[in-house]
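S.K.: how would this look folded up:
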Amino acid sequence: MITIKEAKTKSELKDFIKFSFELYKDNPYWVPPIISEELESFDKTKNPAFENAEAKFYLAYKNGKIVGKTAAIINWQEVNQQQKRKVRFGWFDVIDDIEVSKALLEKVYEYGREHNLEYVEGPMGFSNLDKVGVLTEGFDQIGTMITWYNHPYYMEHFEKLGFTIEKEYRESIFTMNNVDPANFQKASQLIKRRYGLKAVNFSSTKEVMPYVDKMFELFNATYSKLASFVAISDIQIEYFKKKYISFINPEYIKFIMDKDDNMIAFTIVMPSFSEALIKAKGKLFPFGFIHLLRAKKKSKDVVFYLIGIDPEYQNKGVTAIIFEEFHKVFTKNNIVNCIRTPELEENHAMNNLWKNFDPKIHKRRKTYKKDL
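M.R.: Alright, predicted model coming up:
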């Protein structure tokens, strides 16, 4: 018999997090989170996502043992401002038993119906800065710290339970060996002169901070037309500053400004922490933080985390400036692989940015939808 219990206490939420460690303990491609960081993200008093959202966390038990989990999430900004009467589900992990998936998702449906919502979609987090999508291709590729990994049977469970595909994402990788800088170096100089643009580079985190608010203003403007977009609030921006900026090598943050010092483009690239997180095994201490600090400075792979270009400049070759700046620092730091985070298939402007880099699509993921 399968029973579902809501995880409320710190101990129960730890069980919620640690189930994934058990489920993937022998899988070399799963990248574990830091348990304390995951707990903080579930804490209503610490995660500003709860300013506009609410959530419940469910555990499935069979014969007294945890066999699955999911979070049911309502983003009220999405429901009220965008009129998307949707309940989300995320952090979904289960054994290969469709009855477990069914029982967990029934709790999500119940939560949505209690609030008069019309459909369910997932896997997805609280906001656009969270992980998204169930992996459908690329099960033999190592994950990143900002994506979920899952077993192949997940999509089969969703489809058998009456879900349909809602959004499709692609992830790709390219090597620096395939990049010919001549393709964008000449264009970069031309674009700078034509529009009076300049690149801003950094050597310390302290130098970056004054620009972060402007970056998220541009982020909201850049992505506002996408169907899945929910704007990032001021409180979430402050949280992002404290939680993530210090993890990023400041050399990997690039801003493009116009002649009046208005930000017209930004890119944040993160060192790959995947191998470090696997070594850390979910804990910062005693040695986990050492692995992360080493990866921050020494990783030979990088992940393109966020990129945004003012809509007025999206067809004016600004990416040539961005790529010229990154080519310099990647060459200096002997970077080998560049990994792109999930990008919507419908986001053609973003997908076209990479056409000259011979990218290989190595993963695909989807969100699934079902009417309530």
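S.K.: ok, then the element right after the one helix or strand Phe92 maps to?
M.R.: For Phe92, the host element (DSSP states H and E) is strand 86-94. Once the chain leaves strand 86-94, the next helix or strand it forms, by DSSP H and E, is helix 98-114.
S.K.: the stretch 201-350 of the chain: strands as residue ranges?
M.R.: For the stretch 201-350 of the chain, the strands defined by DSSP state E, counting those that start in this stretch occupy 253-257, 263-271, 301-309, 337-340, 343-344.
S.K.: before we move on, the earlier item: partner strands of the strand holding Phe92, parallel or antiparallel?
M.R.: strand 65-75 (antiparallel), strand 119-122 (parallel) (DSSP bridges).
S.K.: need the strands of the stretch 201-350 of the chain in CSV (columns: mean neighbour count and distance to Gly90).
M.R.: C-beta coordinates here come from the backbone N, C-alpha and C atoms, glycine included. Below are those laid out as CSV (neighbours: other CB atoms under 10 Å; distance: least, CB to CB, whole Å):
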stretch, mean neighbour count, distance to Gly90
strand 253-257, 23, 27
strand 263-271, 23, 21
strand 301-309, 21, 19
strand 337-340, 22, 21
strand 343-344, 18, 17
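S.K.: ranges for the helices of the stretch 201-350 of the chain?
M.R.: For the stretch 201-350 of the chain, the helices defined by DSSP state H, counting those that start in this stretch occupy 205-208, 212-223, 234-243, 274-280, 288-298, 318-332, 348-351.
S.K.: using CSV, write out every CA atom in the fourth one.
M.R.: C-alpha atoms of helix 274-280 as CSV (Å, rounded to 0.1, in the frame of the first residue of the first chain):
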residue,chain,number,x,y,z
SER,A,274,29.3,19.1,-11.3
GLU,A,275,32.4,17.1,-10.4
ALA,A,276,32.9,19.1,-7.2
LEU,A,277,29.3,18.5,-6.1
ILE,A,278,29.7,14.8,-6.8
LYS,A,279,32.8,14.8,-4.5
ALA,A,280,31.0,16.9,-1.9
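S.K.: before we move on, back to that, could you check how far the strand holding Phe92 is from the centre of its chain?
M.R.: Its chain's C-alpha centre and that of strand 86-94 lie 15 Å apart, by CA atoms, centre = their mean, to the nearest Å.
S.K.: ditto for stretch 187-203
M.R.: Its chain's C-alpha centre and that of stretch 187-203 lie 28 Å apart, by CA atoms, centre = their mean.
S.K.: give the rounded mean pLDDT of it.
M.R.: Averaged across stretch 187-203, the pLDDT comes to 94.
S.K.: now swap in stretch 273-284 and tell me
M.R.: pLDDT averaged over stretch 273-284 gives 95.
S.K.: return the distance of it from the chain's centre.
M.R.: Distance, centroid of stretch 273-284 to centroid of chain: 17 Å (CA atoms, centre = their mean).
S.K.: then stretch 144-156?
M.R.: Its chain's average C-alpha position is 13 Å from that of stretch 144-156, according to CA atoms, centre = their mean.
S.K.: list the buried ones in that stretch?
M.R.: For stretch 144-156, the neighbour count (16 or more other CB atoms under 10 Å) marks Thr144, Met145, Ile146, Thr147, Trp148, Tyr149, Asn150, His151, Tyr154, Met155 as buried.
S.K.: ok so, going back, and the strands of the stretch 201-350 of the chain: which comes nearest Gly68?
M.R.: In terms of CB to CB, the element of those nearest to Gly68 is strand 343-344, at 27.8 Å.
S.K.: Asn75 and His291, how far apart?
M.R.: Distance of Asn75 to His291, computed by CB to CB, to the nearest Å: 33 Å.
S.K.: what about these two, which has more around it?
M.R.: Neighbour totals were compared for Asn75 and His291, and Asn75 leads with 24 against 18 (other CB atoms under 10 Å).
S.K.: residues in contact with the spatially closest residue to the more buried one that is not a sequence neighbour?
M.R.: Nearest residue to Asn75, sequence neighbours excluded (CB to CB, 6 or more residues apart in numbering): Ala53, at 4.7 Å. By CB atoms under 8 Å, 6 or more residues apart in numbering, the residues touching Ala53 are Ile73, Ile74, Asn75, Trp76, Gln77, Phe126, Ser127.
S.K.: helix, strand, or coil at Trp148?
M.R.: coil (DSSP: H, G, I helix; E, B strand; the rest coil).
S.K.: begin at 59, not 1, for the rest of this chat.
M.R.: Got it, the first residue is 59 from now on, which makes the last one we talked about Trp206.
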